[in-house]
Each structure stands twice: as C-alpha cells, then as structure tokens.
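Trainee: Provided below are the primary sequence and the corresponding predicted coordinates.
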Amino acid sequence: MSAETNIEKDILTKKDFQTDQMIRWCPGCGDYVILSSMQKAFAQLGKPRHEIVCVSGIGCSSRLPYYMNTFGIHSIHGRAAATASGVKLSRPDLSVWVITGDGDSMAIGGNHFIHAVRRNMDMNIIIFNNKIYGMTKGQTSPTTPMGQKTKTSPEGSFENPFTIGELTIGAQGTFFARVPDNNPKLMEEAIVRAGKHKGTSVVEVLQNCVIFTDGIHEEITGKDTKDDNQLYLEHGKPMIWGKEKRYGLKLNGMSLDKVALGDGEEGNGQDHPDLLVHDAYNNQPELQIALARMQLPDFPIAMGVLREVEAPTFDDLLHSSIGRARDNTKHQKVSDLFQSGNTWKI
Amino acid sequence: MSAETNIEKDILTKKDFQTDQMIRWCPGCGDYVILSSMQKAFAQLGKPRHEIVCVSGIGCSSRLPYYMNTFGIHSIHGRAAATASGVKLSRPDLSVWVITGDGDSMAIGGNHFIHAVRRNMDMNIIIFNNKIYGMTKGQTSPTTPMGQKTKTSPEGSFENPFTIGELTIGAQGTFFARVPDNNPKLMEEAIVRAGKHKGTSVVEVLQNCVIFTDGIHEEITGKDTKDDNQLYLEHGKPMIWGKEKRYGLKLNGMSLDKVALGDGEEGNGQDHPDLLVHDAYNNQPELQIALARMQLPDFPIAMGVLREVEAPTFDDLLHSSIGRARDNTKHQKVSDLFQSGNTWKI
Amino acid sequence: MSEIADTTNMRKAVIRFSGDSGDGMQLTGELFSQSSAIAGHDLATIPDFPAEIRAPQGSLEGVSSFQVQLGGIEIYTPGDQVDVLIVMNPAALKTNLRHLKPGGTIIADVDSFTKKNLKKAGYDDSPLADEELQKEYHVVEAPVTSMTKEALKDLGMEMQTMMRSKNMMALGVVLYFFRRSIDNTITFLETKFKNKPKVAEANVRALKAGFSFAESTELLGPSVVIPPAEIPEGTYRNIDGNTATAWGMLAAAEKCDKTLSLCSYPITPASEILHEISLRKDMGAISFQAEDEIAAICAAIGASFSGNLGVTTTSGPGASLKTEAMGLATIAEIPLVIVNVQRVGPSTGLPTKSEQSDLLQALYGRHGEAPLIVMAASSPDDCFYYSYMACKMAIEHTTPVVLLTDSYLASGSHPWRIPDMDDLPDITVPQFENDGGEWKPYLRDPEKLNRYWMSPGQRGFEHRIGGLEKEEITGNVTYDGVNHEKMVHTRAEKIKRVGHEIPDQQVYGAESGKVLLVGWGSTYGALHTALQEMEDEGVEGIGFTHFNYLHPMPENIPSIFEKFDKILVCELNNGQLATYLRSQYPQFKYDQFNKIQARPFFVSEIKNEALTYLQS
Amino acid sequence: MSEIADTTNMRKAVIRFSGDSGDGMQLTGELFSQSSAIAGHDLATIPDFPAEIRAPQGSLEGVSSFQVQLGGIEIYTPGDQVDVLIVMNPAALKTNLRHLKPGGTIIADVDSFTKKNLKKAGYDDSPLADEELQKEYHVVEAPVTSMTKEALKDLGMEMQTMMRSKNMMALGVVLYFFRRSIDNTITFLETKFKNKPKVAEANVRALKAGFSFAESTELLGPSVVIPPAEIPEGTYRNIDGNTATAWGMLAAAEKCDKTLSLCSYPITPASEILHEISLRKDMGAISFQAEDEIAAICAAIGASFSGNLGVTTTSGPGASLKTEAMGLATIAEIPLVIVNVQRVGPSTGLPTKSEQSDLLQALYGRHGEAPLIVMAASSPDDCFYYSYMACKMAIEHTTPVVLLTDSYLASGSHPWRIPDMDDLPDITVPQFENDGGEWKPYLRDPEKLNRYWMSPGQRGFEHRIGGLEKEEITGNVTYDGVNHEKMVHTRAEKIKRVGHEIPDQQVYGAESGKVLLVGWGSTYGALHTALQEMEDEGVEGIGFTHFNYLHPMPENIPSIFEKFDKILVCELNNGQLATYLRSQYPQFKYDQFNKIQARPFFVSEIKNEALTYLQS
Ligand SMILES: Cc1ncc(C[n+]2csc(CCOP(=O)(O)OP(=O)(O)O)c2C)c(N)n1
Ligand SMILES: Cc1ncc(C[n+]2csc(CCOP(=O)(O)OP(=O)(O)O)c2C)c(N)n1
Ligand code: SF4
Ligand code: SF4
Ligand SMILES: [Mg+2]
Ligand SMILES: [Mg+2]
C-alpha cells in the first residue's frame, strides 16, 4: 500500500462535510434530510475527510457525492457497489459509502448489490428508496408497489416489488436497517451504526420524491399514523409500538402475531413476557426476515437496525490471504519471480 | 399473435426430444442425467415440441439446448433468464425453460435471475450447480464453498457463497426445488412439478463436474451417506430421514432442531406429533428458508420441492392488462391512433 | 422590433415562450403552434427544459422554454434567433435574451418583475426599464398577472389556481399579434378540461382577455401576418420524434401482422418511446421495462425468436451496454431493431443535450466481424418513416438494425402528414414456403441472403440457434475455419445487398459545382435551410446531400461526390461521418465542420462556414 | 523424410507432438522445447487443445497437440508445416496428418493402432500399413506402449499409472533424433516429482529407454542436427503471452511503487492472466474475480481512483460489456488498463480460436467522443513489454489504455530474455507538487495534458469525479456547451500527444520499393518470416512494417508509406486495420490480404499472396 494514511484524527462537524456546489434536488425532496444526516453521522464517526470515499451510481440520489466534502465518485448507472468494491478491496483502510437509489441498486445494479452483500465487503450502502425513478421522470422501479401508476405502467404496475430487507438477507446480508426520511435522529443513528459495522451494511431510507411519488410513504411516516405504523426495533427490547405503546408482537409457530396490549397501557417486556424481544445479533435470520416482510395494514413497518451480525469481511480475508502469501514467498521482487522455475543462460 | 398454435397434443417419448448432435460433455459429467431427466419430464408434461423453448446462457450446462429437440436459444453468458423473459412475455402460450449453470445464473446473470423470480414470469429455471465454472476450466463461482481451491482462489476461496434457495425466496420466489444429479426419479418429478407450476420455478440440481469439482457433493449424494444427509421433503409429510428413518426435525422457537428418533424405528408423523410437517404451499417463507439454509454436518440437505405457492404471473398480468386495454380502446388500427387527438386538414 | 414593425407580412418568424417550469410554457407553445398549423403554416418546434427535475421557483435553473418557427415556406428547424420572445418572469428574460434577434420583440409579464423575482434572477433593477434594452428591442410590458386576476376574480378560485391561467392570457396576446383566430384554441381548452368546467372557463376567459388586451392597446405595434405555406393536401398533426419513432414501429407491426414487443430500460432522452408503447397496450403492443439495458435487448431477441417484432430503445450509455447482445442477434440472424436516441457523451456526458457522437459505435461497436444495418432519421416527423423502415429491413433481412435519432429530434416536433397505411411499403415476412425444398435453420433466400424466420408454434420447425459459429445451411455448431470465413463473408454480403434496395441519395441545390455540404441525421433541417438561404442570396455552386442510410450507403454516393470540387462534412461531433467516409470512399477528400457544443447547428453558422469555405 | 534424411544439418525444424488429451503431450512438448532452448536454439511453440473440456478417450475430438519450431536462426512462429510428427494414437494421426510436410517423418506408437482405436479414429485398417503413406512420408513405427511396459515392469505400478510415462518414452526417441542430451530433462523430472520418487523413476526410465531405442534401432534414419542460433546473452525462460502480460503489470506496479489491482471475470482465452495474478498474492498483488465484466472494470476504476494500478482483462464478449465503463474512465481521466485477448467473433463465435477482429471496437466502441490509447502486442514474449507500456501510459497520461493480444499469443510461447528491472523505462506517477500553484481536480500538466492522480488518503485533495461533463480545471459539473467542446478537444489532444512519445515505426526489408506489407499484433511472426524467406530467395523491393501502437500511431507512418508503390495490409479479420488506415492516412491506397479462418497466417500463404501481388 503506497498511500500515506493519516493517523491524527480531525474533529469535524457537519459543516466540514459540505461542499460549495449548489444542491440540485427539488425543494422538499427527502434527499436533503439524508444528506444532512449523513454529514452529521460522518462527523460522529470521526474518520478524516480524506479517508472517506462516497461512490454513487446515477439518479437524483446519486448526486449526493457532489455535496459531500470527501473523496467521491459519481460513477455510472447501477455500478456504484461494483466501483466501491474496487475501492475497498484496494484500500481497506478507507471508509467506503455507496449512495444509491432504488432503481440504481435494485434494477440495473441488482447484481452488484447482491454480490457486495454476499461477499460482506466492508462498506455501507445507503439506498434512497422513493419507489420510483426520479431522475428519468417517473418510471416503475423494482420497489414500486403493485397498482402504482407510473410512466411505464400507466394502468398501474403489475410487477411484484422486491422487499429490500428480504433480498439483502437472502443474499447473506449481515446488516440491514430501515429508516424513514423524516426522522433524522433515527437516520443518523442507523448511519452511524452502519458505519461501525464491519461488513456490508444496507440502510434503506424511505425517501419521499415530491414530484413523482409524493406521499408514497405517507401512511408509514405521516404525523398521525407513524406511531401506529412503525415498529422501532432496538436490540434487546421487546417489540412494542403504537400510540401509547398499544401493540406488541408475538410468535405463533413461525408466524408473527400482532397483539393489542390494552388501551393506554405502558407496555414493556416485563409486563408481557411472551412478547418478542429484538435480537439484531442473531445469526439465524428467519425472525429478522419476518420482521422485514411486515406490511401494512396487518403489521407495522419495522424500523431501525433489523440485523447486525458479525462475519468475516471480504477485504479482511483478501488482505490476510495476501499477507500470508507475502510472508511465505520467495518472490520479494518481480525479478525473483522472473528468475524462478526453468531458466537458462546464453 | 400470428403463430398458429397446434391444438392436437402429441404423445411423445424421451426419444422424441433427442437431437442428432453429438453430446460434448465429459464422460461421467452430471449433465447427462439432467438432460435425460428433462427429456423424460418433457414427455410427461405433454406439450408438443414446437411449443417448447429452451433458453440457455454460456457454460457446459448451457449446451443443453443443442441436445433437446425443441426450439432453443443458446444465448450469451448470464442472459438466459432475460432472453427467456422476452420469449415468455411475447408468447405466453409457450413452455419456456431456462438452462443455466451456477456461474451463468448466479454470477453474471444474478440480476436477471432475481428479476425473473420477482416478476414471477411463468418459466422454469434449471440450475446445474457444480459449484464451479466448468467450461472456462475451473474458477470460483458464487456457489463455490469457502476454502475450495480453484484457479482463481489457489489458496482456497474466501468468498461467502450464495445459497440458491435463500436467494430465490429472498427475491420473492414462488417455487424452489433442489435435487441431486444421481437421483433421476426425484429429478424428473421435480422438473415435472416445476413445469406445472404457474410462475418462475427454480430447480437447483447438485451436479457433479468430474473434472473440476469431482465429488463436491459426495457427502450429500454418496451411496453411504445420502440417506443420512438428505431430507426429502414431501408436502404434508413429516420431516423424517436417515438410514431407517432415524432422524426428524422439530421447531424450537424459530430454529430447527434435529432429533434422533431412536435406532431402527420406523418414524412417521403420527408417532411423533411434534415433528415438523412440510408445507410447500405456505406463502410465509420463514420455515422454507430455514430448510433451504440447512447445512451439513448439523442438518441434512433439504431435497425436493421446498416451496410452491400460487401468485399471479407477470405474463398473465401483462396480457390481461393488454386485453382490458384492447377492449376499451378506440384505436382498433394504427390509423385510428394517428387520427386521434389534434389533427387538421390542409 | 423594427423588422416586424415595418412589415405586416413576414415569410417566417420565430417565437419563444419562456417562464418558470410551473408556468405552463410547453402547453402554451404547443397551442400556439397548433393554431399556426391550422392557419396553414409550416412549422418546427423545440422545447428547452431545465436539466433538473424541479429547480426553485423563479430561479434561472428553473426556466422552461418552448420555441417555434413558423412560415409561409417550408420550415425545417425551430429557428436560430428569435423574433418574438415572451417572458413570464425576470429569470426567463435573463436566460433567453441571448436568443433574441436585434430589433426583436419582448412581451413581458411586467407584474412578475418584482424585487423578489429580480433578485432570484440576479438583477438589481428591472431590466425592462433599461434604456439599452428599450433601444435594442421592442419591449411590450403586459400586465399579465394582474389582468389574469382581474379577468378571473368572480370565479371564486384560489389565487394559486387562478395563476395557472396566466399562460393563456399571454397566449391571447400573442395570438392577436399574429392575427390568429382564437376559436380552435377555445375548442381545445374546452375539450381538454371537459371534466373541469371551471378550469376551462378560467383558461378561456384569460385567453380572451389577452386577446382583447392586445387588440385594444397600442403597446404591441402593428401585427404580423404570415401567409400560409404551400403544403401538400392531407390530414396533419404535430408529432415529436419519439412519438413518431414509436408509431413507426406500431405501423410496421400492423403491416406485417406481428405483435410488437418493445423491451427497453428508461433513459433520457429515449424514455418517451417506452412510455408511448406502454400506453399502446390498447393496440395489443407489448412493452417491457427490463431491469437493465442488457436484459432489454436480450428480451427483444427472445421476442423476435418467438415470432414477435422485437425492438429495444435507448440512448448512448444503454447502447454501449447492448453491444454484446447485438453481436448475438447478428450471428443468430434474427430481426431486431435497436433505436439509439443519441445524447451528449462520453459517459453520462450532458444527458439532456443533443449530439451525433454515437455513429462510429453504431458502425463498429461490436467485437468480431458483426456488420448490421445503420440508419438515421433527419426530422421529428421522418422518425416515423425510418422507424418503419428499420423494422421492415430487420424483418426482411433477418438482421439487427440500428436506428439513430437524437435528443433534438426526440423532443422537437413538426407537422406530420398522416400517411395512409396502404401507401407504406409492404413488409414481407420471410417464411419458408414448403415448395419441394427442405428447410434448414441457415437456409437463405438466394437473392437477399436472409434466413427464414420460423418461430415456436410452427410445427416441424424446431431448431436451435445461438452465438457460436454455425455451419452454413444447417446452422449446426462447427469449429471449421473455412466455414467461419464463409459465414463472415455471407453476413457481410447480406448487409451489403441491402444497398440495392436503398433509394438513391438526393442532391439539393447545385448538382455539381464547388462545394458539397454533407450531413446526416438531425442536422438536415439546419443544412437544408442554410442551402436555401444561400441560394436565395444568389450563392452558386453549392450542393447539399444528406445521409439517412449509413450502412450500407446508397450506391450512388461516388457519382454525387465526384461532381464537386470540395466536400464539407458537417456534424455535431468530432468528425465521425468524415472518418467513416474516408474509409468507405477514400478516393475523395473531405473537409470537416464540427460543432460539439451540445446544441444543434445554427443556420447562420453553416452559412458562414460554407461561404468562407467556398472562398478558401 | 527425404529432406532430413539427406541432411544431418537443418536451419530450422517443426515438431508436433500429438496424442489423446490424457497422453501428456503438452508437457512433452514443453520439455522438448526447453531442451532445445538450452541447446541454444531459438523457438516458438503453440499448443492445440480440444475445444471440449474432455472428449472421449481416443476420439478425434480428444486429440491434443503441441507444436514447436526451433532453429539456428531467429524463430518468430511455431511454423506452418511440420517436419516431424509424433502420434500417440490413430486419432492423432488422422487429425494431424494434414499438418505434415511432404516427405516429413511420422513417429507413431504402433502399439496403439489397435482395432478399437482405429475404429474410434474412423479408420478401417491401420494407415501405417498404407503404401501411399509410406511412400509420401518417412514412417517410424515405434512400439512405445510395449517398450514402456517393459521398461517399468519391475516398478510394481498399476498399468494405468505406467502408461502415464509413455510420453517420456516418446520424448526420449525424439531427443535422440535431434541429438540432444537428456540430462536436463532428467534433472527437470527429478525436481518436478521430488515428492513422488516412484513417478520420477518411472519417467526417467521411460525417457532413457526411448533414447536407447532410438540409438540402437535403424528405423529412425539419420539424426538431425540444428546449429545453435545467435541469441543475445542473458538469462532466458520460456514464456507464454498471458503470463507475459500478467508479469508486465506486476513489473509496472513495482516500478512505480503502486499496488496492482487486477479485477477481471474469467473468459477464454484471457483467464490465465487472472489465474496468474491470483497466484501473485505473494507479491502483494490484488486479484478480484468480479461477478461479471462490468463489475470487473468498475472495480478496476474504483481501484485506480483509490490509488492502485487498476487493470481489467477479458476477451471479445467481455470487452463489449466494458464499453460503457471505459467511457467513464475516459471522462474521469484516471489510469486504467483494459486487456482484450481477442478470440473469434462475432458473439460467442469460436471461443478457443484466434482472430484479430476487435480492433475497430477498441478504437470506436464507446458512445460519445471517447478516445483512448490502443496498442497491440506482437509475440508471446513482447506481451510483457506492451503490458508494461500500457500501464506506464495509463498512469502517465491518466487515461484508459486498451491492450490487444489474442488467443494465439496467449497460449503460444517463446523464449524471453529476462529483463533487468533497471532497464525498463521509468514510470512517473503524476502527483501534484505544491510549488506555489493551487491544485484543482482537472488541472493538467501543460505538456502532456494529463491530470494529477491524487488519491484518498492524501489530505486536502478531496474531490469528486464522475461521468458528467466537467468544467475545465475545477472539474465541477457544468452544462456549458462551449466548455464541453473544449473538453472534447482536450481529451482528444491529450491522446494525440502520446504520439510524441511513441518510438518511430520500423521498416524491415526494403526501405522503399514495390510492396509494403503491413500488419499489426500477432501476425508479426508470420509476416516477418515471410519477408525473410522472400529476401533469402532473392525477391527484391518488399518491405514490411508492423503496428504495435494503433492509437495514436507513430508519427512517421506517412514517411514509410510514401516510399512504396503498393501497400498490402495483412490481417486475420475482414479488413479492420485497412479501414482504419484509410480514414487516418487517406492519401495512400491500401490493398488487403485477409484470412478469417480462425487460424494464424501460414508463412507460405503470405509469401504466395505477396508474390502474386508484387506481379499484379
Ligand atoms: C446505463 C444507463 N441506463 C439508464 C440511465 C438513465 N437513468 C438515470 S437515473 C435512472 C434511474 C434512477 O432511479 P433511482 O436509482 O431510483 O434514483 P432516483 O432518481 O429515484 O433517486 C435511470 C434509469 C443511465 N443514466 N444510464
Ligand atoms: C460475457 C462473457 N463472459 C465470460 C464468458 C466465459 N464463460 C463461459 S462459460 C463461463 C462460466 C460457466 O460457468 P457455469 O455457468 O457454472 O457453467 P458450467 O460450465 O459449470 O456448467 C464463463 C465465465 C463468456 N462466454 N461471455
Ligand atoms: S425528482 Fe424526486 S427524488 Fe428527484 S430531486 Fe425531485 S423530489 Fe427528489
Ligand atoms: S467440465 Fe465439468 S461440467 Fe463441464 S462437461 Fe466436463 S464434467 Fe461436465
Ligand atoms: Mg428512486
Ligand atoms: Mg458451474
């Protein structure tokens, strides 16, 4: 590794991560909140700017690197995870962030996404899920719900959407979090945890596109509905939610049951010993998948870090393999290699 | 639709599906058994040859269409599912088969795979999983187990492999089966069921490559070990396996427990009411995922049809949408369209 | 606006509507164009959107414009410089003034020139009050906002809703200025807002108010009258290039009784073709938004293999991704149309802007010897014809065809004489007729060398194709080298023979002489207009020829080139056609005029260049 | 074998070992080559594998061959026609007889000509007994199988294991035939099978037995002696093109103190480069087998952005898939090497065979104006040099470089004089030196126009790049059209200036005259040999020039071309270099000699063509 890595850590603030470029998202777009949460999270994480690389594909969301004062690549559509993989495996010392949209990561970029996840490449994938192609003005994305009218499904989409969390875990994911774009605190927290996780962290942000899918997450994130429609998962805490914590989750065989805890009651784990307790660190993913799959109206939408398990990362394994090979080789220099094996002199 | 579809059904045998082309697989390759099982299954399914299309990518496995006397496309590497999607959505009356390898479908073709599965395009994907790139002479594939030495991982692979079943279900799959290449009966059965399933059926065949991964499935498929190491799942039947059916599966919370049923005992569901009973038709996938995930040595490998659930198919939804639009349109001919809206006469 | 002021008669005029993205300038422009077309003018239009989806209101980035050129003569381009500029706010003036001809007219909504808006546009003081401006242009200060308020005040609407009719107020003014009837605009508004009578009422009122304002005020100066053009009889409609491309495919599919399967992935500026076909489920057309461009072309190949008309549409980055699969279609010899609506490259480039820089890729982009047909459309309306022809040729020659259009054609529009389907050339589907001979997958028509297109469902025609080299006739896989050479030659010869079917290329202007201007694709309008203007000005010895068929080329090219002293190849790229011509007809010397500014040619630029070159 | 029989001295000879895939012909050929090299011969070798992984034993499809040409003069190709053919079974004879020169020697394992084996090869009777054959060739019937059995009988091995030494028995015969010492072959076998002493013993015994058999029998006829070649002093090793390519990158990385990140996806015939770098973890090199070719090139781009030497290797279909990302690297202006080991196209084509048909794609395959450096290697050993130079130029000019090799180079091998690392040209990493000026992402070196390659980890150099058009100097995104034009020109100019650094192109043979043969890439050997033979035969007025640098080209090309009456461009494709030359130097007329038979040129073909052409 030829790069000088700087040991002295800067103390940085959100502002240090801003650039002088004019931000070109529509007024009111959910992307603004994500940008600012990321900037705050970066300040918290404490890596100096020159050791951070943000890599994006193409889309409204993928413009983010221009507004983040770190190293950055605005690559090509769908290829952010692949490009970022090249950065990370070349320079495991860097903090690598993939900024992507639902179209960028799940449509054209789906393969790179599942492979990064499978390899557990130590990087963080932030997916701005507005369930639409924003930049190209409103076509169906792989997360667009059935029935949604778009430019390419004028009579309502009839494609079965991916659930990002399910796909992530199905691809051997070690970290998955979901957050709404109107809860900056939760978002920042999730981003910080993603940043600290060794391995591929996937953070799905339910992002509102004010132009093409305005209000698509409204039922989940709306002022009046959010308490009843979001279950915020915290490791070790019982699964309780709703206005005045009126609901809880139980297991029934391998299925989930939503139970009413009684009006006004301050539910907690002790009172309801049979309520499920969140275990983000459990390597077996079945319950986490069930949580990721929960849909309105029967269940709330699970928020927070659903899964966070330890596993070796590709970059670590690669570099320790290189280290071992280097230790045991006779080829210190290429000339040693050239001279090895069968040679003759003239 | 311009093509004349032939109503009269042929009565065909395996032989009718053979071609005059010399088969170019290595002697002893597992692919031979798959070919012959497919030919038998096709004869059983009863579609006439000219209404069947086999589409493959590139790889040893992908040579199969040349040996199958139906319509066929030997497309390009990784793109079989995409090409086949074009066939199916254009001609929903055809029976469409994707022939692919672990490299072809899971590496370069991973994206098309998960999208076909998500859309539930009514076609059948047969994956020849030899856990290696055969045709290009032995590189790591996305299903190569960690530690396996290959041309591109001479010191043993350190990539975390996909579990095809998990990925399939994580991508919203409706049908997944797994079969070993040395059980033609089971294979034929699975292929027939795949053929009958409406939606994307994924059949993973554990195929032996005699050249590059000879014996890689030996622990699972070997004469002496197969009984103890395979759990053959049948819908409605308790999960019992092993020499003299000595093992059973139980649920423990959301985890699976392998239990010994006592030596020589003829276990069955009635004797052990707490044993899990296979439910392939259950739409909730958590248990099916747990089964797909089972690994030696703690658990047997699940074989048979793990999941088979009903859901609307893309091709049906598309064509009924077209039908509705056609019923309600004023545009019977393109000239009606040209004349619609604002026109003027000169 | 001296020129217009002195003349009540003009041969042609360029009008540009501009305002904030929310001001409805596109609709305004379209309605104006339509009323002009009905009045018998020829015209060409072009929108000019902001690159961002939605920039802040009133900002410079948020300005949206629509330009139309209309005339009593044939009109090939939306015009270089503008005669009449309508600005709905200061930002619109700021960004558009550079387009205005010296002496041109500005019609401004004076009410919008508030402090706040001026500031957003970066003005300190109102430019309307600027003496320089008033000296150079004819400035009409129309109180559009306040008049709209006034006209709609008793409708009980909210202010924001009322303001949506501002554009109709402005349109009324412009319509009067050109002495147009407002009747068909009223009819249009009433039809469009059939289900929202209040909106219809508001718009019609605003329109009328604008018209009356213009009639009664002296501010405007003399109105302009443009005599109607000589236009062939027929039923017309306005059409943009992307719609025309989409409709060309539908027409081809209908003509040969095939189902269209359009398999694409969205990308600016090609997406609208996919959008249109998505709406055309009502015609039985299949549209498929694939997961990426590779899946899209592969699905189109699958569609064609299965007997449908497989088409895929894209722009540069997508075209790059499709190159591998284009090779498959070439060797598998199945019909396939690939439309590349070019934009500015390389890479993501300037995705909303126009350029002609994918020609060499279309010709040579594939690995191996993989020749195919390449053609290009030259105007929004002839996108229909070339799209139709691309489908026809793909089917009849069982080959992929690349059709090149571009951003400028895609969004520009032009009146289109609706063709009678019977007048379109026949499309013969190459089916094997069992008159004695035995069919084999790579049996060919002895003349054209196409294969027969036999599809699933046809009993007895089961066969396997793919990307490996095939034995001639049988189509079996073979590693024989001599066979390979033969197949390479046959595939090349098949495409070469398409040349016999392509009409001879035309020469405009002088048939022989000093300078031949050469163009291809979307520059036709600017080049043709430049030629005409030079001819009108008495310049002699200039000819012009334009390529629509790029591979193969029409067979009469050498006989055209040899008649001129000099050949000037004009392109919106760094010289791709010139490079190609040098390799194809090396006996001639080519000079180049290239513009790579993400903008079409101006007629004036071409004239300048041609005249300088003529004298050089 | 009249020629050899009469002469104990030959200037060069071609030997071909052939047998079943399981017969170990590759190792046999390599050992023979090595012993020849040590004896001071120049040589070139080529294997000839079956396309299938493993065809049935004894079948025609299963025949595996290895050909070597050795000589007392410089040897550029493995030879057209064979002097000595070793066949281990009837199938080998059947498939290889067409390679044998009239009068050539056949050494056959007569024991293997059993009924069963004859049938597998499609013979009714043993061809060895055929009078015609015996008349045309010198047939040596050696009882290889039985002699092997005999020699190893007391080693207590299983029959199958014993039979693995048959090839050493045959090698012994051939070594004697060429009057070679067997000592270093023995040393090699003993080293190779250090841990399997029994295997070593068996092989050595067989070798010796073969040698003695040849010595004692009269069957062979007189032995052949080839005097040593005049070869520059140094340490040598045999190297194949793919290994040489891999090592060139390693050398470049070491030279400039960067880590190599090779990101590839397996594909025939390029995979071995990835395999080799995977083994070179011991040198600190990073290899990454990506999920597909697009991921591979994108990862290489990421690697380069992060400060490593990013390289991606592939063949035709993969090269097609990489075109989009190559555009990104072009506009982002970062170092990147793309190696395309060409194979037969289009599409999957004939994946194990060789062709030169990706040249135009390398030059023009990308959408938009995306010029980059294109170069080609011309022999297995100079793959090292051009691979090194590709890395050097990519780094120094911050640009993607395409290096074209092909299947023939990849698997062919040639002795390589091991270079001293100090003798390789320096590689200057363009780092911004803060001597007063302020750094900006698109600041350029005023001479070369390269950007500075500043990477993560370098404090204060944070910046963002991407595929959108950039403002000059700052690198900020801008939609300004004039800036775009400037950037297009700058990127083109940057590549053009590389021409100043490229050495002048050489002319072999006549410096001026009637005919100039022109080639590029892997045909160098055949063309050069043809020239030499013609010169030897007294033909005058023929020159030969060969392209390694294809874009930009050496600056002296016109001064070479103008000195010849005629130019004959010889290529293994349908005329791609000729097409390109016509567009680059239209002042000259080019004729073509093309072969598209999935095989390299024969020297004799070129001579025939050149001589006919000379007289035309
Ligand atoms: C190869 C390629 N194909 C298509 C496009 C066009 N394109 C740009 S962004 C985009 C979709 C973006 O959607 P998403 O990732 O959801 O981002 P959003 O704009 O919604 O944030 C598409 C299709 C492209 N730039 N490149
Ligand atoms: C675009 C492209 N990339 C790479 C290849 C080379 N290639 C051919 S088959 C193959 C892998 C096949 O592996 P798998 O699908 O597992 O099939 P198997 O041979 O094992 O049956 C590869 C990498 C190719 N033909 N095309
Ligand atoms: S189009 Fe949607 S996603 Fe894009 S910037 Fe606007 S609001 Fe945001
Ligand atoms: S290489 Fe392996 S997979 Fe391929 S044909 Fe041979 S045994 Fe089968
Ligand atoms: Mg989106
Ligand atoms: Mg495989």
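Mentor: Perfect, I can see it now. All of these numbers come straight from a predicted model, not from anything done at the bench. Ligands and ions are numbered 1, 2, ... in the order given.
Trainee: what about C:Ile301, neighbour count?
Mentor: The number of residues packed near C:Ile301 is 32, by other C-beta atoms under 10 Å in any protein chain shown. Any C-beta I mention is one placed from the backbone N, CA and C, and that applies to glycine too.
Trainee: looks to me like it is in a helix.
Mentor: Yes: counting by DSSP: H, G, I helix; E, B strand; the rest coil, C:Ile301 falls inside a helix.
Trainee: what score does it have for pLDDT?
Mentor: Looking at C:Ile301, its pLDDT stands at 98.
Trainee: that one reaches B:Thr83, doesn't it?
Mentor: Yes: look at C:Ile301 against B:Thr83 with C-beta atoms under 8 Å: they come within range, at 5.8 Å.
Trainee: pull the distance from the helix or strand hosting C:Thr545 to the chain's centre.
Mentor: Using DSSP states H and E, C:Thr545 sits within strand C:542-547. Computed by C-alpha atoms, centre = their mean, to the nearest Å, the separation of strand C:542-547 from the middle of its chain amounts to 20 Å.
Trainee: just for the chain, where's the confidence low?
Mentor: I went with chain A, as the question did not name one. Residue ranges of chain A with pLDDT under 70: A:1-10, A:263-271.
Trainee: please go with chain C instead
Mentor: Answering for chain C: the residues below the bar, that is pLDDT under 70, span C:1-8, C:436.
Trainee: what sits against A:Ala82?
Mentor: Neighbouring residues of A:Ala82 by C-beta atoms under 8 Å, 6 or more residues apart in numbering or on different chains: A:Gly109, A:His112, A:Ala116, D:Ala290, D:Glu291, D:Ile294, D:Ala295, D:Ala296, D:Cys298, D:Ala299, D:Gly302.
Trainee: rewinding a little: whichever helix or strand comes after the strand holding C:Thr545 packs against which elements?
Mentor: Downstream of strand C:542-547, the first helix or strand assigned by DSSP H and E is strand C:549-551. If contacts are counted by 3 or more C-beta pairs under 8 Å, 6 or more residues apart in numbering or on different chains; DSSP states H and E, strand C:549-551 sits against helix C:359-364, strand C:373-376.
Trainee: name the residues linked to the closest residue to C:Ser411 other than its chain neighbours by a beta bridge.
Mentor: In space, C:Ser411 comes closest to C:Pro47 once its chain neighbours are excluded; the distance is 5.4 Å by C-beta to C-beta, 6 or more residues apart in numbering or on different chains. Judged by DSSP bridges, the bridge partners of C:Pro47 are C:Phe66.
Trainee: next one: C:Gly543
Mentor: Bridge pairing for C:Gly543 - DSSP bridges - gives C:Gly509, C:Leu516.
Trainee: tell me which element the residue in chain C positioned nearest to ligand 2 is part of?
Mentor: Nearest residue of chain C to ligand 2 (C-beta to the nearest ligand atom) works out as C:Glu324 at 6.2 Å. C:Glu324 belongs to helix C:323-332 when assigned by DSSP H and E.
Trainee: now that helix against helix D:323-332, angle please.
Mentor: 140 degrees (axes from the mean of the first three to the mean of the last three C-alpha atoms, to 10 degrees).
Trainee: where do the contact lists of C:Ile301 and B:Thr83 overlap?
Mentor: B:Ile73, B:Ser75.
Trainee: and for C:Phe270, nearest residue in space, chain neighbours not counted?
Mentor: Residue C:270: Ala, not Phe. C:Val341 (3.9 Å).
Trainee: the one you found touches C:Ile273, doesn't it?
Mentor: Yes: look at C:Val341 against C:Ile273 with C-beta under 8 Å: they come within range, at 7.4 Å.
Trainee: now do the shared contacts for the two.
Mentor: Joint contacts of C:Val341 and C:Ile273 (C-beta under 8 Å, 6+ apart) are C:Asn242, C:Thr245, C:Thr313.
Trainee: enumerate every residue touching the first one.
Mentor: Shown here is C:Asn242, whose contacts under the criterion C-beta under 8 Å, 6+ apart are C:Pro269, C:Ala270, C:Glu272, C:Ile273, C:Glu276, C:Val341, C:Cys383, C:Thr405, C:Ala410, C:Ser411.
Trainee: are any of these buried, and which?
Mentor: Buried members of these, counted by 16 or more other C-beta atoms under 10 Å in any protein chain shown: C:Pro269, C:Ala270, C:Glu272, C:Ile273, C:Glu276, C:Val341, C:Cys383, C:Thr405, C:Ala410, C:Ser411.
Trainee: what's the burial count for C:Asp125?
Mentor: C:Asp125: 10 neighbours (other C-beta under 10 Å).
Trainee: chain neighbours aside, what residue packs nearest to it?
Mentor: In space, C:Asp125 is closest to C:Leu118, 7.2 Å off (C-beta to C-beta, 6+ apart).
Trainee: helix or strand: which one has that neighbour?
Mentor: Residue-wise, C:Leu118 maps onto helix C:115-120 under DSSP H and E.
Trainee: all strands of chain A, in order?
Mentor: With DSSP state E as the criterion, chain A has strands at A:52-56, A:71-74, A:95-101, A:124-129, A:175-180, A:201-206, A:230-233, A:240-241, A:247-252, A:255-260, A:301-308, A:344-345.
Trainee: name the residues that touch the longest one?
Mentor: With C-beta under 8 Å, 6+ apart as the test, strand A:301-308 has contacts from A:165, A:169, A:173-180, A:183, A:186, A:190, A:193, A:197, A:206, A:220, A:229-235, A:280-281, A:285, A:288, A:291-292, A:294-295.
Trainee: from the stretch 1-150 of chain C, which residue is nearest to ligand 6?
Mentor: C:Ile53 (44.0 Å; C-beta to the ion).
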